[in-house]
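# Sharing a sequence plus its predicted fold:
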Amino acid sequence: MNGFISTVDQLNTWIGKAFAWCIVFLTFAVCYEVVSRYAFGAPTWWAFDVSWMLYGALFMMAGAYTLARNGHVRGDFLYRQWPETTQAKIDLTLYVLFFFPGIISLMYAGWKFAHFSWLINEKSPFSPDGIIIWPVKMLIPVTGFFMTLQGIAECLRCVVCLRTGKWPRRINDVEEMEKLILEQAEAAKAQQAGA
């Protein structure tokens, strides 16, 4: 189980980091459009479409990465006070009742939506040249697939916690600066108390 969890976490980490580069291209496209429009009076025909496509790709493909990091928004003022096994039971129940039906619906509807877009070679109505948009719509079922994989890994993580009483470790690739500063302060206090 731990091998599968680790493999899925690593896969979704790689995908999340790869799609994070969309933010660089998105920033370039928006800045180029602003300078072109306001400094030279020559707005682009492509910047609007490219910016929403890049943002959509980034938003969708980062979902499984965020789930792997346990980074989705959660009202955890009660949750964090519960024992880890209670947390695992609640999480497992919620994944089965809500997460998987929602993601399966996303994949089903997203595939129909993307397939139709591909069949008609859908193009953007917002630009004169009509940039094709079906590749971005294909990311909807792809996102659903990777979210499903990560959801399975999260359910297995719950099973491990129920068996051992402890959550399995997650991959730590990035941390908020505030958390690191607090951990360093705690370590310094412990070191001073021990001296």
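Right, received. Where do you want to start? Residues are numbered from 1 along each chain as shown.
# check contacts around L139.
Neighbouring residues of L139 by CB atoms under 8 Å, 6 or more residues apart in numbering: G56, A57, M60, M61, A114. From N, CA and C alone the C-beta is placed, and that goes for glycine too.
# give me phi/psi at it?
Here is the backbone geometry of L139 (degrees, to the nearest 10): phi -70, psi -20.
# Make residue 1 into 35 and carry on from there
Sounds good: first residue 35 from here, last item L173.
# Could you measure from it over to K146?
Look at L173 and K146: by CB to CB, to the nearest Å, they are 15 Å apart.
# Report the two of the contacts of L173 separated the most.
M95 and A148 (14.2 Å; CB to CB).
# so which helix or strand takes in V68?
Assigned by DSSP states H and E, V68 belongs to helix 56-74.
# which residue ranges form the helices in this protein?
Counting by DSSP state H, the chain has helices at residues 36-54, 56-74, 81-95, 97-102, 118-128, 134-153, 168-198, 211-228.
# Mean pLDDT lowest where, among the ones you listed?
Sorting those by mean pLDDT places helix 211-228 lowest, at a mean of 81.
# how many other residues sit next to K171?
20 (other CB atoms under 10 Å).
# do V64 as well
Per other CB under 10 Å, the neighbour tally for V64 reads 16.
# try L183
Per other CB under 10 Å, the neighbour tally for L183 reads 19.
# That one against L45, yeah?
Yes: contact criterion CB atoms under 8 Å: L183 and L45 qualify, at 7.3 Å.
# tell me, what residue is most central in this protein?
When CA atoms, centre = their mean is applied to the chain, the residue found nearest the centroid is G97 (2.0 Å).
# What are the neighbouring residues in contact with it?
G97 sits next to T177, F180, M181 when contact means CB under 8 Å, 6+ apart.
# For my notes, please list those residues in TSV and give neighbour count for each entry.
Listed next are the contacts of G97 as TSV, based on neighbours: other CB atoms under 10 Å:
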residue	neighbour count
T177	23
F180	23
M181	25
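# out of those, who's nearest H106?
When the contacts of G97 are compared for distance to H106 (CB to CB), M181 wins out at 10.8 Å.
# Who are the contact partners of the closest one?
The contact partners of M181, by CB under 8 Å, 6+ apart, come to G97, A98, L101, I137, L140.
# Taking those residues, tell me the two that lie furthest apart.
Using CB to CB, the pair of the contacts of M181 lying farthest apart is L101 and L140, separated by 13.4 Å.
# More neighbours: which of the two?
The residue with more neighbours, out of L101 and L140, is L101; 22 against 19, by other CB under 10 Å.
# Quick check: that one touching I186?
No: between L101 and I186 there is no contact under CB under 8 Å: 11.0 Å.
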